[in-house]
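In: A predicted structure for the sequence below; I have some questions about it.
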Amino acid sequence: MQSTDLGVKIGSRIRASRMSIGLTQEQLAEKVGVSWSTISSLERGMHMVSLERLLDICEALNSGLEIILCDYINIAGLYSDNDSQKILEMLTLLTPTQKKYLLENMRLILNLYPDI
């Protein structure tokens, strides 16, 4: 089966989210109730994921659907500047520990420099 651009982008987001929390394909497959080869095919964009299965994957990854579909969701009205878009994309690559560290530092910066 040939991969599609849509499938490849969604698959790469699934892979990044899975890896950011330290799950193997086998562990994710077990949480979702599919075979590891299904996860492998999805991540490579060789198999298109159904919406129902995508929701199961997001739940197993403790991730929002917007993280996996960020390439297709128009959030321009909320975060129209390029820097905000890049920050959101980078957040998808962080581990939970890195996210906590970043959040603590953002709070510190906002408290130290409220007028910037």
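Out: Yep, that arrived. Numbering: from 1, shown residues only.

In: who's in contact with the closest residue to residue 22 other than its chain neighbours?
Out: Spatially, and ignoring its direct neighbours in sequence, residue 22 is nearest to residue 95 (7.3 Å; CB to CB, 6 or more residues apart in numbering). (C-beta placed from N, C-alpha, C; glycine too.) By CB atoms under 8 Å, 6 or more residues apart in numbering, the residues touching residue 95 are 20, 21, 22.

In: please redo it, this time with the cut-off set to 10 Å
Out: 19, 20, 21, 22, 101 (CB atoms under 10 Å, 6 or more residues apart in numbering).

In: Let's have the residues you listed in CSV, adding pLDDT, secondary structure and distance to residue 85.
Out: Shown next, in CSV, are the contacts of residue 95 (pLDDT from 0 to 100; DSSP: H, G, I helix; E, B strand; the rest coil; distance: CB to CB, whole Å):
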residue, pLDDT, secondary structure, distance to residue 85
19, 92, helix, 22
20, 88, helix, 19
21, 90, coil, 23
22, 92, coil, 26
101, 92, helix, 22
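
In: give me phi/psi at residue 93?
Out: Main-chain dihedrals, residue 93, degrees, to the nearest 10: phi -90, psi -10.

In: Now the strand or helix carrying residue 56: average pLDDT?
Out: According to DSSP states H and E, residue 56 maps onto helix 51-60. Mean per-residue pLDDT for helix 51-60: 94.

In: Quick one: residues in contact with it.
Out: Contacts for helix 51-60 (CB under 10 Å, 6+ apart): 10, 14, 17-18, 21, 23, 27-34, 38-39, 42, 47-50, 63-69.

In: can you rerun that using 8 Å?
Out: 10, 14, 28, 31-34, 42, 49, 64-65, 67-68.

In: Touching, residue 23 and residue 61? I think so.
Out: Yes. Applying CB atoms under 8 Å, one finds residue 23 in contact with residue 61, separated by 7.5 Å.

In: So for stretch 37-54, first residue to last residue, what's the gap.
Out: 16 Å (CA to CA, to the nearest Å).

In: Likewise for stretch 32-40?
Out: End-to-end distance (CA to CA), stretch 32-40: 13 Å.

In: And for it, what's in contact with it?
Out: By CB under 8 Å, 6+ apart, the list of residues contacting stretch 32-40 reads 14, 18, 24, 25, 26, 28, 29, 47, 53, 56, 57, 60.
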